[in-house]
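**Q** just the structure for this:
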Amino acid sequence: MRSVIYYYSFSGNTRSVAETIAEFLLSKGDVILRRLKPVDEPGNFFIQALQAKRRACPKLLEESFDVTDYDLIVCGTPVWAFSPAPAVNTLLQKIQGIENKSVILFTTFGSGVGNKRCLEYMKETVSVKKPKEIQLFTIAGKRTKDKDYVFSQFKRLWPNG
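**A** Numbering: from 1, shown residues only. As a prediction, this is how the structure comes out:
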């Protein structure tokens, strides 16, 4: 099985979860880990949160998001202002070749406020591209470095663990 994991991480929490998922998926086949990086990324968290709230879609360093050659697509983001990070908004809009594929969306969060709304928005945005299935999970910021916990949450989505 071929998998691709796209993620955006500002503080390192989402990156940590993405890397843990990659470790698990390596036992199932090939995995590509792709960090989403805006061309003109603001270094200020509050500016980025405001952009997230407006559902901004910045230009990213990587411009091709064709996932035709993958069986599983995973996408992770922190929750900012009830929304995905701006870089993830761009991915969700531009991703191609997702039809009849399995998709897993995940979030990392601090307080949990807005987490459900963020996941619902991501799911709604991806579902119009007709994937076979969309699964969701979430990891609280304080648990992102706990590999055993992240494994347990991700494995729940996997047939036969």
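**Q** hang on, Leu119 is in a strand, isn't it?
**A** No - under the criterion used here (DSSP: H, G, I helix; E, B strand; the rest coil), Leu119 is helix, not part of a strand.
**Q** ok, it - how many residues close by?
**A** By the measure other Cβ atoms under 10 Å, the count of residues near Leu119 is 21. Any C-beta I mention is one placed from the backbone N, CA and C, and that applies to glycine too.
**Q** list the contacts for the nearest residue to it once chain neighbours are set aside?
**A** Nearest residue to Leu119, sequence neighbours excluded (Cβ to Cβ, 6 or more residues apart in numbering): Leu136, at 5.1 Å. Leu136 makes contact with 104-106, 119, 122-123, according to Cβ atoms under 8 Å, 6 or more residues apart in numbering.
**Q** need those in a markdown table with distance to Glu62 and pLDDT, can you?
**A** Formatted as a markdown table, the contacts of Leu136 follow (distance: Cβ to Cβ, whole Å; pLDDT from 0 to 100):
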| residue | distance to Glu62 | pLDDT |
| --- | --- | --- |
| Ile104 | 20 | 96 |
| Leu105 | 19 | 97 |
| Phe106 | 19 | 96 |
| Leu119 | 23 | 94 |
| Met122 | 19 | 95 |
| Lys123 | 23 | 97 |
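**Q** would JSON lines of the residues you listed with distance to Phe45 and secondary structure be doable?
**A** Converted to JSON lines, those look like this (distance: Cβ to Cβ, whole Å; DSSP: H, G, I helix; E, B strand; the rest coil):
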{"residue": "Ile104", "distance to Phe45": "26", "secondary structure": "strand"}
{"residue": "Leu105", "distance to Phe45": "22", "secondary structure": "strand"}
{"residue": "Phe106", "distance to Phe45": "20", "secondary structure": "strand"}
{"residue": "Leu119", "distance to Phe45": "21", "secondary structure": "helix"}
{"residue": "Met122", "distance to Phe45": "20", "secondary structure": "helix"}
{"residue": "Lys123", "distance to Phe45": "25", "secondary structure": "helix"}
